[in-house]
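[1] 3D model of this:
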Amino acid sequence: MDGQRPYLTMHNMQQKRIISYQEEQQERGPRDAPEWEIWIHIKTVNTSLGYRNIVNQSYWQRAPKKQLAKDMVATQVLLALGLSTNEFK
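    Numbering: from 1, shown residues only. Below you'll find the predicted structure:
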C-alpha cells in the first residue's frame, strides 16, 4: 500500500475484501466553480486483521476537484481504520 493515493489504497482494500463501502458523489455549486462532495458509507470491516470496527459510519469531504475530495475522504477512512499516513502516502 506504500506510495499509493489514499483513495486507491481504500479501493484496493475493498478488492481484497478487507472493507466494503458505498460511495456517493454529488457536484454542487455554480457551473463555473463547482465543488464535489464525496460520501463513503462503511458496510463491513474485516476486524480479524486488526483494523478498527467502523461499520455503519459515514465520512465525507468537499473539494473543488473530484479526485481531491475522494483522496481527502479516503484519508479519513484509512485513519479511522487505524492505518498511519506512512502506509498510504
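[2] what's near enough to touch the nearest residue to residue 28 once chain neighbours are set aside?
    Spatial nearest neighbour of residue 28, excluding adjacent residues (C-beta to C-beta, 6 or more residues apart in numbering): residue 35 at 5.0 Å. (Glycine included, C-beta is placed from N, CA and C.) Contact analysis of residue 35 by C-beta atoms under 8 Å, 6 or more residues apart in numbering lists 27, 28, 29, 62, 63, 64, 69.
[3] so what's the residue count around the second one?
    This points to residue 28. 9 (other C-beta atoms under 10 Å).
[4] that older thread, among the contacts of residue 35, who's most crowded?
    When neighbours are counted by other C-beta under 10 Å, residue 69 leads the contacts of residue 35 with 22 neighbours.
[5] and it, which of the three is it?
    helix (DSSP: H, G, I helix; E, B strand; the rest coil).
[6] that one contacts residue 37, correct?
    Yes: the pair residue 69 / residue 37 is scored as a contact, 6.8 Å apart, by C-beta atoms under 8 Å.
[7] which neighbours do those two have in common?
    Listed as contacting both residue 69 and residue 37 by C-beta under 8 Å, 6+ apart are 61, 62.
[8] now for the contacts of residue 35: which two are most distant?
    Spatially, the most separated pair among the contacts of residue 35 is 29 and 69, at 12.4 Å (C-beta to C-beta).
[9] just to revisit the earlier point, quick check: which of the contacts of residue 35 has the minimum pLDDT.
    Ranked by pLDDT, these bottom out at residue 29, which scores 89.
[10] excluding sequence neighbours, find me the nearest residue to it.
    Closest to residue 29 by C-beta to C-beta, 6+ apart is residue 35, at 4.7 Å.
[11] the contacts of residue 35 into a markdown table, with extra columns for distance to residue 42?
    A markdown table is the format used below for these (distance: C-beta to C-beta, whole Å):
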| residue | distance to residue 42 |
| --- | --- |
| 27 | 23 |
| 28 | 23 |
| 29 | 27 |
| 62 | 19 |
| 63 | 20 |
| 64 | 25 |
| 69 | 17 |
